[in-house]
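> Got a sequence here, can you model it:
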Amino acid sequence: MSTALQLAITKIGDLLLDSTISQNAEGKPISPINLAIPPYQRPYKWTTKNAVQLLDDIIEAKNQNKETYRVGTLILHFDPKQSVYSIVDGQQRTITFSLLLMAINQEYRASIPFLNQSLTDDAYNSRNIPNNYRTLERRIHNISDNREQLELEDYIKNNCELIVVITEDISEAFQFFDSQNARGKKLYPHDLLKAYHLREMNNLDIAQTEKTVKDWEDLDQKKLSLLFSDYLYRLKEWIKGNRAWELNEHNIQKFKGISRKGNYPYAQFFKGAFAYADMVNQSSMPFVSGMNDLKPFQIDTPIISGKSFFDYAKHYFEILKDIQNNDKYEGYFINDNEIVKTLNLRTYKNGVGNGITRLLFDTAVLLYVDRFCPSERPSKTDKEMLEKQFVMYAFIWAYSLRAQYYNLGWQSAQNYILGNEVKNSFNIFKLITEADSPIALLSSLSDKLSPLSIKSIVAQKEKIDDEVNGVYQNYLHYFRVNKFIEE
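Numbers count the residues shown, from 1 in each chain. Model (predicted):
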């Protein structure tokens, strides 16, 4: 088989019962087909609703006398060394068809090789597979006419077809997968970036690529999307003094980075830094010296395209997760912080204005950690400068905005970041990236931040020092104790 993309068509019965793809572009069958679910695949998430809908669609197609019912696309990555066809796309439908054949004829239980493989011990797999099988079995048994059951069985095996795409190049398989999905739904920017950087990884072997994709898929995809759209994209814009609105397909080039072919002087500089970090981390130096791995990432510098992008995403995903978790015993950076305890109260998590203000606070902390704190095993001094000093200053800066607006929206927030007439309005992100040390930054913040007058504070000012179970209920308490309210 050549490494070029191959198109084929298969009947469900041929694929699942006979381990054969019915015909390739030349009209010849492909056999044997050893189907496998690779470790990077997501679990089986189809519910009984999805399974029943598939069966109803098949019955409707049969009743309309459709000679062929195309049920979707199956994208396979072929590994010639192991003679295995891994499912890149089409897993949910393929498992459901296997369950359907087994529900319609118990003898197929031992005749579908695809069902013999073990799946990961996952809550979705252990719940949805038996639930869907029982539901399909009940639906089939509700067809009282035995002849009608046999006709349905025959229709599923011989008239339901899949379009099959086969390639030995896993990057090409993922590229095709993303292009297919784009036709049916709008892809999020981080999905488009995934496809782009997979295409830049054609120098890696299959095992490395599969592990990279699995690590990406294991991350919470909603949170991963927010990491890029709400945090990294906005930081890149604010650092430069620009307004930041929405990350979309038109401006994702900020995350495409420098390709392996990039040879401009600036590109060579950043590629050199990345290559040095990679060389050190693969040597015995970190182990012998006891130092941390070098992280070749900074939010305000270009990304190196390919695998480095996925490492970059995971790196900042974990840092943001750490920053937003105030548990006393979890993570390195924010641990049992008094200010954050108050900001985590429900009253400060509800509403657009509170959400904007908290995002400004979190992004400032993220940028500080990125610039000045080792991402693994920061020293006691690193943590004290962050938690006892910078967190307080970042809080005063961000919540000075909240304190001076009844109705806070993104327009006002962007004006505040870029500098307007409101007290404590300045670009803290630019200040962080221009500082050459935490001490220099903290000194600048001390000079720039001013106390708010009572008249300028529009929030409720009564009961500022109310405390319940060790948590102050009003964020203005920390303005008072840190001398940032003129009374």
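> When you work out contacts or count neighbours from here on, use the C-alpha atoms and nothing else.
Fine.
> Pull the number of nearby residues for the nearest residue to Leu247 once chain neighbours are set aside.
Distances taken as Cα to Cα, 6 or more residues apart in numbering place Ser229 nearest to Leu247, at 5.3 Å, with adjacent residues excluded. Using other Cα atoms under 10 Å, Ser229 has 21 neighbouring residues.
> On the three-state scheme, Ser229 is what?
Three-state call for Ser229 (DSSP: H, G, I helix; E, B strand; the rest coil): helix.
> That one is in contact with Ala244, isn't it?
No: counting by Cα atoms under 8 Å, Ser229 sits too far from Ala244 to count as a contact (9.7 Å).
> And the next helix or strand past the helix ranked longest in the chain?
Counting residues, the longest helix in the chain under DSSP state H turns out to be helix 352-372. Once helix 352-372 ends, the next helix or strand along the chain (criterion: DSSP states H and E) is helix 380-384.
> Pull out the buried residues from that following helix.
382-383 (16 or more other Cα atoms under 10 Å).
> Please name every helix or strand in contact with that helix.
Packed against helix 380-384 by the contact rule (3 or more Cα pairs under 8 Å, 6 or more residues apart in numbering; DSSP states H and E) you find no helix or strand.
> How about residues contacting it?
332-333, 372-373 (Cα atoms under 8 Å, 6 or more residues apart in numbering).
> Show me how far that helix is from its chain's centre.
Its chain's C-alpha centre and that of helix 380-384 lie 30 Å apart, by Cα atoms, centre = their mean, to the nearest Å.
> How about stretch 296-303?
Put simply, stretch 296-303 sits 19 Å off its chain's centre (Cα atoms, centre = their mean).
> ok, now stretch 153-169?
Worked out by Cα atoms, centre = their mean, stretch 153-169 lies 31 Å from the chain centre.
> oh, and call the first residue 523 from now on, that's how I've got it
Right, with 523 as the first residue, what we last looked at is stretch 675-691.
> before we move on, the earlier item: and the residue nearest to Leu769, how close does it get to Leu889?
Ser751 sits 15 Å away from Leu889, going by Cα to Cα, to the nearest Å.
> Same question for Tyr1000.
22 Å.
> So which of these two has more stuff around it?
Using other Cα under 10 Å as the criterion, Tyr1000 and Leu889 rank with Leu889 on top: 24 against 20.
> so what's that one up against?
757, 821, 951, 954.
> Strands of the stretch 773-922 of the chain, start to end?
Applying DSSP state E, counting those that start in this stretch to the stretch 773-922 of the chain gives no strands.
> got the domain boundaries for this structure?
528-707, 710-782+819-842, 846-1009 (automatic domain parsing).
> Now mean pLDDT too, for the ones you listed, in JSON lines please.
Converted to JSON lines, these look like this (pLDDT from 0 to 100):
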{"stretch": "domain 528-707", "mean pLDDT": "86"}
{"stretch": "domain 710-782+819-842", "mean pLDDT": "88"}
{"stretch": "domain 846-1009", "mean pLDDT": "92"}
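> Export those domains to TSV and append columns for distance to Lys793.
Below are the domains of the chain laid out as TSV (distance: least, Cα to Cα, whole Å):
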stretch	distance to Lys793
domain 528-707	22
domain 710-782+819-842	7
domain 846-1009	19
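> In its sheet, which strands sit next to the longest strand that the chain contains, and in what direction?
What stands out as the longest strand in the chain, according to DSSP state E, is strand 591-601. Here strand 591-601 is paired, per DSSP bridges, with strand 606-611 (antiparallel), strand 682-689 (parallel).
> who touches it?
580, 583, 606-613, 681-692, 695, 699.
> same check, this time on stretch 823-839
Outside stretch 823-839, the residues within contact range by Cα under 8 Å, 6+ apart are 716, 719-723, 734, 738, 746, 749, 776-782, 792-793, 796, 819.
> Ala717: how many residues sit nearby?
20.
> Wait, it touches Phe696, no?
Yes: if you go by Cα under 8 Å, Ala717 and Phe696 touch, sitting 6.7 Å apart.
> So the residue nearest to Leu769 versus Phe796, what's the distance?
From Ser751 across to Phe796, the span is 25 Å (Cα to Cα).
> same thing with Glu860?
Distance from Glu860 to Phe796, by Cα to Cα: 38 Å.
> follow-up on the earlier one: buried among the contacts of stretch 823-839? Need that as a selection in PyMOL.
Buried residues within the contacts of stretch 823-839, by 16+ other Cα under 10 Å, are selected in PyMOL with:
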select buried, resi 716+719+720+721+722+723+734+738+746+749+777+778+779+780+792+793+796+819
